[in-house]
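**Q** Need coordinates for the following:
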Amino acid sequence: MATIFRLNCEAGLEALAEIREFVAASASALGLAGAAVEDLKVCADEAATNIVKYGYGGQKGALLVEVFRQDDEILVRMLDEAPPFDFGQASDPDLDRPLHERALGGMGIYLIKTLSDGVSHMSNPDGGNELVFRKRMAG
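**A** Numbers count the residues shown, from 1 in each chain. From the prediction side, this is the model:
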C-alpha cells in the first residue's frame with residue numbers, strides 16, 4: 001500500500017507555516033530533495049493562501065492536505081469545502097509591465113503552474129475544490 005501523508009487543519013493564515021513544513025517533511029520522506037522540495041513548499045503556501053483569502057473569504061474552513069508518491073512524482077492534493085472556483089479562468093499576470101503598474105495579487109496560481117510539473121483542479125458544483133500539483137523526482 002502506498003504511503004499517504006495527511007494533514008487535516010482549519011484553513012487560516014496562522015496554519016500556513018504548519019502546511020509548508022508538513023508538505024516539505026512529507027515530500028522529503030518520500031524521496032524528494034533540494035530545490036524540488038522548496039518548489040512544493042511555495043506551491044502549497046500559495047494554494048493554501050488562496051483557499052483562505054478567496055475560497056473562504058478570510059473565514060475559517062476545513063482543509064485536507066495529502067502528500068503521496070505516484071510513479072516518479074510527488075503529488076500534493078488539497079481539498080477544501082469552499083465555494084467552487086474555476087481555476088482555468090485565472091489569467092496569468094502581465095510580467096512585462098513594471099511592478100508598480102501591476103495590480104496587487106495574481107501571482108499565486110501563476111507560481112503554482114510555474115514551479116510544479118503539472119497541476120489539475122476540480123470543483124464540485126455543491127461546494128468544495130480539489131487542487132493537485134506534482135513534482136517529478138530527480139533522476
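
**Q** Which stretches in the chain count as strands?
**A** Secondary structure of the chain (DSSP state E): strands at 4-11, 61-70, 73-80, 119-123, 129-136.

**Q** mind listing what's buried in the shortest one?
**A** For strand 119-123, a neighbour-count test (16 or more other C-beta atoms under 10 Å) marks V119, H121, S123 as buried. Every C-beta, even on glycine, is put in place using the N, C-alpha and C of the backbone.

**Q** how much space between the residue nearest to N129 when sequence neighbours are not counted and K135?
**A** Leaving aside its sequence neighbours, N129 sits nearest to S123 (C-beta to C-beta, 6 or more residues apart in numbering; 4.6 Å). Distance of S123 to K135, given as C-beta to C-beta, to the nearest Å: 23 Å.

**Q** again with K41
**A** Distance, K41 to K135, by C-beta to C-beta: 11 Å.

**Q** now do C9
**A** Using C-beta to C-beta, we find C9 at a distance of 21 Å from K135.

**Q** quick one: which of those two has more around it?
**A** Using other C-beta atoms under 10 Å, the more surrounded residue of C9 and K135 is K135, with 21 against 15.

**Q** then the helix or strand of the chain with the lowest mean pLDDT to PDB, C-alphas only?
**A** Here the helix or strand of the chain ranked lowest by mean pLDDT, DSSP states H and E is helix 108-115, holding a mean of 86. Provided in PDB are the C-alpha atoms of helix 108-115 (Å, rounded to 0.1, in the frame of the first residue of the first chain):
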ATOM      1  CA  GLY A 108      -0.300  32.600  -6.700                       C
ATOM      2  CA  ILE A 109      -1.800  30.500  -9.400                       C
ATOM      3  CA  TYR A 110       1.000  31.600 -11.800                       C
ATOM      4  CA  LEU A 111       3.600  30.400  -9.300                       C
ATOM      5  CA  ILE A 112       1.900  27.100  -8.800                       C
ATOM      6  CA  LYS A 113       1.800  26.500 -12.600                       C
ATOM      7  CA  THR A 114       5.400  27.600 -13.000                       C
ATOM      8  CA  LEU A 115       7.000  25.800 -10.100                       C
END
